[in-house]
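Q: Return a 3D structure for these sequence lines:
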Amino acid sequence: MLANPRRTKILATLGPATDPPGVLDALLTAGVDVVRLNFSHGDPSSQIARATAVREAAQRVGVEVGILADLPGPKIRIERFADGKVLLKAGDRFDLVASTDAPPGSLREVGVSYLGLPNDVKPGDVLLLDDGLLQLRVGAVEGQRIVTTVLNDGALSDRKGLNKQGGGLSLGALTERDKELIAVAAELGADFIAVSFCRNAEDMNEARRIARAAGSDAALVSKIERAEAIENLAEIVEASDVVMVARGDLGVEIGDAELPGLQKKIIRESLARNRVVITATQMLQSMVDSPIPTRAEVLDVANAVIDGTDAVMLSQESAAGRYPIKAVEAMARICLGAERQFDHDTDFEAAPRNLERADQAIAMAAMFLSEHIGVRAIVAMTESGGTARFLSRFRSNSPIYAFSRHDGARRRMALMRDVYPIDFDSRGLASRDAARSAVKQLFDSGKLAIDERVIFTSGDTMEQHGATNTLRLLQVGAGGCAEGLGEL
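A: Predicted coordinates:
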């Protein structure tokens, strides 16, 4: 039997480390399925240039690669210091000044970018700077000035991030800059748009409205990184196409001890609602400077895979690290190792009941058959990728080959666990003819062998969204011909 391909997808952030000639091709060859453009850095022209380079590299390498445009969101930062850095001591008074004319920072004070911060804090609140490395307790709010006491020794430099422990900041998810950048994402043809610091479903709905008005059909990604998002998790997941466990700011706001359990909860909630889910942040952080990961990082990635995440993400490791290609190779190696270790037995008792859509019912039937009669692969004809997404929500030993004529659909499916998108034009073909052609294409490419069985799903009418209503059990005959064994 042929070996199964890697099931978990890899998302890698682009940056200075990926710009040199040949690096992008090497990353895609090493296993990157989706690239992330971090709109917090660089100008629109540089991001458009990177997107163009990705499309060209994907064509050279011969793979389907999605592009994710990650919006900056309302990241709160302190302003700059007169001398670039200060060393604060526990017990010192240190003021935050929410004013456009705040003086350059000093040992006594520094400006903040969010002018509404005094309205969102009260005495006793703890503010976290630089990813929680420095902590301040609010003593008083005096107009635009927040008087705090430093809780631990530490250095503080320009433009470090600021969070409130436990959440509770009222600023919205989409800034005016974000709205402008959604238009940039539409222009460069992004397949995914990630909304940072979303609080509720309306944040996602607003982003979707703006994206569609700009002409983008990108899938919307909610980044779960605020305490408020945990409180509204179900509605956010429902309003999203993809969910990202953004462990950096989330860990700062809710505390490291709560993070492992919340990661599992977010993954479970996403899968239960048929959403794609990404696990992100510091997964192989040591590989920014080291050619090999730590054992703890290996276990971190593996646990996310075992939990059922669709994709794992590299950030600084690929964008600015010394070993971007080795980081992707390590991620692929760990994913494959983890996938070999866990049982794929699907709990169909826990599957949804009273399904209203035929394509969801066909997907469940296909996975049930795959689990109980043994097939080499599942072949899905799909227009938008919806059938492939429903199929991928069930664990199975069988890869899902998703055939679509739409470039955007194939690139969005590149993020789905177990799904391998393939370019196929079904126009003018009857369902049976499409089945024969698809099986022959897989046989010719070495993905199927004679006598292996496959499940084939399609609609009676091709080129129609959400029309999947047919399931066939096929066997590969001589020369890759598909022989029918049964039909539902």
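Q: Just to check, R93 is in contact with T148?
A: Yes - using C-beta atoms under 8 Å, R93 is in contact with T148, at 7.3 Å. All C-beta atoms are positioned from the backbone trio N, CA, C, and that covers glycine.
Q: Distance check, V276 against D359.
A: Going from V276 to D359 by C-beta to C-beta, to the nearest Å gives 16 Å.
Q: that older thread, list the residues that contact both of R93 and T148?
A: Shared contacts of R93 and T148, defined by C-beta atoms under 8 Å, 6 or more residues apart in numbering, comprise G139.
Q: And the two? Which one has more around it.
A: T148 (24 against 14; other C-beta atoms under 10 Å).
Q: Got phi/psi on that one?
A: phi -130, psi 160 (degrees, to the nearest 10).
Q: what ranges do the strands span in the stretch 1-150 of the chain?
A: In the stretch 1-150 of the chain, the strands defined using DSSP state E, counting those that start in this stretch lie at 9-13, 34-38, 66-70, 85-88, 93-97, 109-111, 126-129, 134-142, 145-150.
Q: Turn these into CSV, including distance to S315.
A: Written out in CSV, the entries for these read as follows (distance: least, C-beta to C-beta, whole Å):
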stretch, distance to S315
strand 9-13, 5
strand 34-38, 8
strand 66-70, 10
strand 85-88, 24
strand 93-97, 27
strand 109-111, 26
strand 126-129, 19
strand 134-142, 22
strand 145-150, 29
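Q: Generate a markdown table for those strands, with mean pLDDT and distance to A185 as supplementary columns.
A: Compiled in a markdown table, the strands of the stretch 1-150 of the chain are given as follows (pLDDT from 0 to 100; distance: least, C-beta to C-beta, whole Å):
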| stretch | mean pLDDT | distance to A185 |
| --- | --- | --- |
| strand 9-13 | 98 | 15 |
| strand 34-38 | 98 | 8 |
| strand 66-70 | 98 | 4 |
| strand 85-88 | 96 | 35 |
| strand 93-97 | 98 | 33 |
| strand 109-111 | 97 | 30 |
| strand 126-129 | 96 | 30 |
| strand 134-142 | 98 | 34 |
| strand 145-150 | 98 | 35 |
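Q: So which of those is nearest A430?
A: With C-beta to C-beta as the measure, strand 66-70 is the member of those nearest A430 (30.8 Å).
Q: what residues does the closest one touch?
A: With C-beta under 8 Å, 6+ apart as the test, strand 66-70 has contacts from 11, 33-40, 47, 51, 54, 181, 184-185, 188-194, 196, 218, 221, 223, 411-412, 414-415.
Q: quick one: it to strand 34-38, angle?
A: Counting by axes from the mean of the first three to the mean of the last three C-alpha atoms, to 10 degrees, strand 66-70 lies at 20 degrees to strand 34-38.
Q: from here on, count from 18
A: Understood, numbering begins at 18; the last thing we discussed is strand 83-87.
Q: Could you check strand 83-87 and say which residues are buried?
A: Neighbour-count burial for strand 83-87, with 16 or more other C-beta atoms under 10 Å as criterion, is recorded at 83-87.
Q: separation between A297 and K240?
A: Distance from A297 to K240, by C-beta to C-beta: 8 Å.
Q: shared neighbours of those two, anything?
A: 261, 263.
Q: strand partners of the helix or strand that contains L488, parallel vs antiparallel please.
A: Assigned by DSSP states H and E, L488 belongs to strand 485-493. Partners of strand 485-493 in the sheet, by DSSP bridges, are strand 470-476 (antiparallel), strand 499-504 (antiparallel).
Q: how far does the longest one sit from the chain's center?
A: Its chain's C-alpha centre and that of strand 470-476 lie 28 Å apart, by C-alpha atoms, centre = their mean, to the nearest Å.
Q: picking up where we left off before, mind giving me the ChimeraX command for buried ones among the contacts of strand 83-87?
A: The following ChimeraX line selects those of the contacts of strand 83-87 that are buried, judged by 16+ other C-beta under 10 Å:
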select :28,50,51,52,53,54,55,56,64,68,71,198,201,202,205,206,207,208,209,210,211,213,235,238,240,428,429,431,432
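Q: In helices only, show me the contacts of strand 83-87.
A: 64, 68, 71, 198, 201-202, 428-429 (DSSP state H).
Q: tally of neighbours for the nearest residue to L331 once chain neighbours are set aside?
A: Closest residue to L331 apart from its sequence neighbours, by C-beta to C-beta, 6 or more residues apart in numbering: A29 at 4.6 Å. Per other C-beta under 10 Å, the neighbour tally for A29 reads 29.
Q: What residues are bridge-paired with A29?
A: With DSSP bridges as the criterion, A29 is bridged to V52, L331.
Q: That one against N55, yeah?
A: No - in this structure, A29 is not within contact of N55 by C-beta under 8 Å, at 11.2 Å.
Q: now for the strands of the stretch 18-167 of the chain, which one comes closest to S307?
A: strand 26-30 (17.2 Å).
Q: Could you list every helix and strand in contact with the closest one?
A: Counting contacts by 3 or more C-beta pairs under 8 Å, 6 or more residues apart in numbering; DSSP states H and E, strand 26-30 is packed against strand 51-55, strand 328-331, helix 333-336, helix 341-358.
Q: worst average pLDDT in the strands paired with strand 485-493?
A: Ranked by mean pLDDT, those end with strand 499-504 in last place, scoring a mean of 60.
Q: Go through the host helix or strand of S387 and flag the buried ones.
A: S387 is part of helix 375-390, with elements assigned from DSSP H and E. With burial defined by 16+ other C-beta under 10 Å, the residues of helix 375-390 counted as buried are 376-381, 383-384, 386-388.
Q: helices and strands around that helix, which ones?
A: Looks like helix 375-390 contacts strand 394-398, helix 403-409, strand 470-476, strand 485-493 (3+ C-beta pairs under 8 Å, 6+ apart).
Q: How far off centre is that helix?
A: That offset, for helix 375-390, works out to 26 Å (C-alpha atoms, centre = their mean).
Q: for the record, mean pLDDT for it?
A: Averaged across helix 375-390, pLDDT comes to 85.
Q: how big is the angle separating that helix from strand 470-476?
A: Using the same axes, to 10 degrees, helix 375-390 lies at 170 degrees relative to strand 470-476.
Q: Is A190 in contact with F214, as I believe?
A: Yes - the pair A190 / F214 is scored as a contact, 5.2 Å apart, by C-beta under 8 Å.
Q: Mutual contacts of these two, please.
A: Joint contacts of A190 and F214 (C-beta under 8 Å, 6+ apart) are 90-91.
Q: Settle it for me: which of the two has more neighbours?
A: Higher neighbour count among A190 and F214: F214, with 28 against 24, using other C-beta under 10 Å.
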